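S.K.: only geometry, no sequence info:
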């Protein structure tokens, strides 16, 4: 019997991949996501009553991002993922959320004009190239009028981008700020792409980081060929747009 590699890998994603990357202790991950969400996502929710808006996270994994949102006052949360093991963990972390082990495309087709926000963190790189724009069109259709999408993907200009691209066999494509914006402009309006802000481990690192980055940027300027214009200093890039 033929089994598609993606079906096999995603059905065992927790056991054969994530389990070998993450610690069993969820506290550091929860803390990291709490800080990351406040730095990178919360500004886009200003002006909204957080308890009222409907938010869908596609590829919610173990629910760390959703738990961070819940801690901020979000109450109408829905998360979907292909990994049944991850969904079970997420239900323990965010019991108040609606959590479904289902295919994103079929879910979106049933939820026309339903959500105020849709979030995809570390998801779009798992979608094959020819399906990226059709998939985003389905996301757009699931948004309410003037609804917003937040897409967070690994940055292929980052210094360690090669590892990021190939660390997971289910990664299908990589993005820079230019290619991500190009794709988004064909589906959404008011597109902006920004650097993901890093969660810094300590105050000492936070103090030293700007000096190190400035020194390295001068090195890239000397190298020339436009290398100093690359977003080599951020692991992720975030696109935000409206329906």
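M.R.: Received, thanks. All values reported here derive from a predicted model rather than from experimental measurement. Numbering: from 1, shown residues only.
S.K.: Can you list phi and psi of residue 57 for me?
M.R.: phi -110, psi 120 (degrees, to the nearest 10).
S.K.: pretty sure it contacts residue 68?
M.R.: No. Applying Cβ atoms under 8 Å, one finds residue 57 not in contact with residue 68, separated by 10.5 Å. Any C-beta I mention is one placed from the backbone N, CA and C, and that applies to glycine too.
S.K.: Same drill for the two, tell me which one is more crowded.
M.R.: Neighbour count, other Cβ atoms under 10 Å: between residue 57 and residue 68, residue 57 has more, with 27 against 23.
S.K.: need the contact list for the more buried one.
M.R.: Contacts of residue 57 were listed using Cβ atoms under 8 Å, 6 or more residues apart in numbering, and they are 65-66, 77-80, 118-121.
S.K.: how far away is it from residue 231?
M.R.: Using Cβ to Cβ, to the nearest Å, residue 57 is found at 25 Å from residue 231.
S.K.: re earlier: secondary structure added to the contacts of residue 57, as TSV?
M.R.: Output for the contacts of residue 57, formatted as TSV (DSSP: H, G, I helix; E, B strand; the rest coil):
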residue	secondary structure
65	helix
66	helix
77	strand
78	strand
79	strand
80	strand
118	strand
119	strand
120	strand
121	strand
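S.K.: quick check, nearest of the residues you listed to residue 150?
M.R.: Ranked by distance to residue 150 (Cβ to Cβ), the contacts of residue 57 are led by residue 119 at 4.8 Å.
S.K.: contacting residues for the closest one?
M.R.: 41, 55-58, 65, 149-152.
S.K.: Give me the residues contacting stretch 166-176.
M.R.: Stretch 166-176 has contacts (Cβ under 8 Å, 6+ apart) with 5-6, 9-10, 13, 17, 124-129, 132, 153-157, 161, 164-165, 183, 230-231, 237.
S.K.: Kindly report the same for stretch 216-235.
M.R.: Outside stretch 216-235, the residues that touch it by Cβ under 8 Å, 6+ apart are 154-155, 157-160, 164, 176-177, 195-198, 213, 237.
S.K.: Residue 219 should be in a helix, yeah?
M.R.: Yes. Using three-state DSSP, the assignment for residue 219 is a helix.
S.K.: about what we covered before: what about the contacts of residue 119, which are in helices?
M.R.: Mapping those onto helices (DSSP state H) picks out residue 65.
S.K.: Now the contacts of residue 119 in TSV, please, with extra columns for distance to residue 105.
M.R.: Below are those laid out as TSV (distance: Cβ to Cβ, whole Å):
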residue	distance to residue 105
41	24
55	19
56	13
57	15
58	10
65	21
149	15
150	19
151	16
152	20
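S.K.: just how off-centre is stretch 99-112 within its chain?
M.R.: Remark: stretch 99-112 is offset 17 Å from the chain centroid, using Cα atoms, centre = their mean, to the nearest Å.
S.K.: cool, and stretch 64-71?
M.R.: Computed by Cα atoms, centre = their mean, the chain-centroid distance of stretch 64-71 equals 13 Å.
S.K.: lowest confidence element among the helices and strands of the protein?
M.R.: helix 19-21 (a mean of 71; mean pLDDT, DSSP states H and E).
S.K.: How far does that helix sit from its chain's centre?
M.R.: With Cα atoms, centre = their mean, you get 19 Å for helix 19-21.
S.K.: repeat for stretch 158-174
M.R.: Per Cα atoms, centre = their mean, the centroid offset for stretch 158-174 relative to its chain is 14 Å.
S.K.: what's the answer for stretch 112-124, then?
M.R.: For stretch 112-124, the distance to the chain centre is 10 Å (Cα atoms, centre = their mean).
S.K.: buried residues in it?
M.R.: Neighbour-count burial for stretch 112-124, counted by 16 or more other Cβ atoms under 10 Å, picks out 114-124.
S.K.: With stretch 94-105 instead?
M.R.: 94, 97, 99, 101, 104.
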